[in-house]
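Enquirer: Predicted model and sequence below, questions to follow.
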Amino acid sequence: MAQPWKIIESISTEEGALELRQRGARDFIITIGPQVLMNSMANRSEVVLGQLGCAHLKDSPSPRVLVGGLGMGFTLKAVLDTLPAAASVIVAELNPTVREWCRGPLAALTDNAVNDPRVTVEIGDVAHRIRRSAVDGGESRFDAIILDLYRGPHAKTHHSDDPLYGSRAIENMRAALKPCGSLAVWGENYDEGFDKRLQSAGFTVTTDRPGRGGLRHVVFTGHLKQSKKSGKHAS
């Protein structure tokens, strides 16, 4: 018989109680209201997301990467395992409590990835962070942007105005990337509209469904075909 879940911590949010629960040494879930956001025993798509998003940077001298969403840290761990020692990784996470969970009860799951010297965790909206880099340009741009958010692109995503997956947001991401940069995005299911918007913005897109059988999430990977000359973006 499975052990009952023990609530490690619960905090109030606008979307309901955000909770970390545990029932074994390495068996955790994060929930918000009635919804399970993350499960420590099912993280293959998060690992593949980090690997694919940074695969082209293994031999880069000092790549700069932005990760949107910390979660349990599995995507961050995969990113760090793929990148060289001189890399710099910024993680944009909305909730400081999630950062503390990754430094505390969840740390052993990822060999304490959040405290790796290459990592800086910024508390804030990743869409705002992307817009800032798109406007500033130059050295503030990234070699890769990786979005591991609990709501991925879907059929009801507004095609232009969605702050993360709409066409304007994609243009900001493109502007926030260095030439030949990459974008990797986690999704619960394949979304044709998002795929087409990425292609229209100049990305060569591949999709993967990691694993075999059971629930298989989607990883969208976009690589810039070539640098496009454009103005600053701040929409």
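Expert: Arrived safely, thanks for sending.
Enquirer: switch to C-alpha atoms for all contacts and neighbour counts from now on
Expert: OK.
Enquirer: Buried ones in stretch 195-210, by neighbour count?
Expert: The neighbour-count check on stretch 195-210 (16 or more other CA atoms under 10 Å) flags 195, 197-199, 201-205, 208-210 as buried.
Enquirer: same deal with stretch 46-62?
Expert: 46-54, 56-58.
Enquirer: Closest one of those to residue 129?
Expert: Here the nearest of those to residue 129, counting by CA to CA, is residue 53; it sits at 18.0 Å.
Enquirer: Just the pLDDT at the closest one, thanks.
Expert: Residue 53 carries a pLDDT value of 97.
Enquirer: hang on, it packs against residue 146?
Expert: Yes - under the criterion of CA atoms under 8 Å, residue 53 makes contact with residue 146 at 6.3 Å.
Enquirer: any residues in contact with both of the two?
Expert: Common neighbours of residue 53 and residue 146 (criterion: CA atoms under 8 Å, 6 or more residues apart in numbering): 183-184.
Enquirer: picking that back up, just the ones of the buried residues of stretch 46-62 in helices?
Expert: Among those, the members falling in helices (DSSP state H) are 46-54.
Enquirer: Tell me the one of those nearest residue 70?
Expert: Among these, and counting by CA to CA, the member closest to residue 70 is residue 46, at 10.6 Å.
Enquirer: Can you verify my assumption that the closest one contacts residue 188?
Expert: No - with contacts counted by CA under 8 Å, residue 46 stays clear of residue 188, the gap being 11.1 Å.
Enquirer: show me where pLDDT drops low in this protein?
Expert: Scanning the chain for pLDDT under 70 picks out 1, 212-215, 226-235.
Enquirer: can you map out the helices along it?
Expert: Using DSSP H, helices in the chain cover 44-54, 74-82, 96-103, 126-136, 167-175, 192-200.
Enquirer: got JSON lines for the ones you listed, with distance to residue 34 too?
Expert: JSON lines is the format used below for the helices of the chain (distance: least, CA to CA, whole Å):
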{"stretch": "helix 44-54", "distance to residue 34": "22"}
{"stretch": "helix 74-82", "distance to residue 34": "22"}
{"stretch": "helix 96-103", "distance to residue 34": "18"}
{"stretch": "helix 126-136", "distance to residue 34": "25"}
{"stretch": "helix 167-175", "distance to residue 34": "29"}
{"stretch": "helix 192-200", "distance to residue 34": "27"}
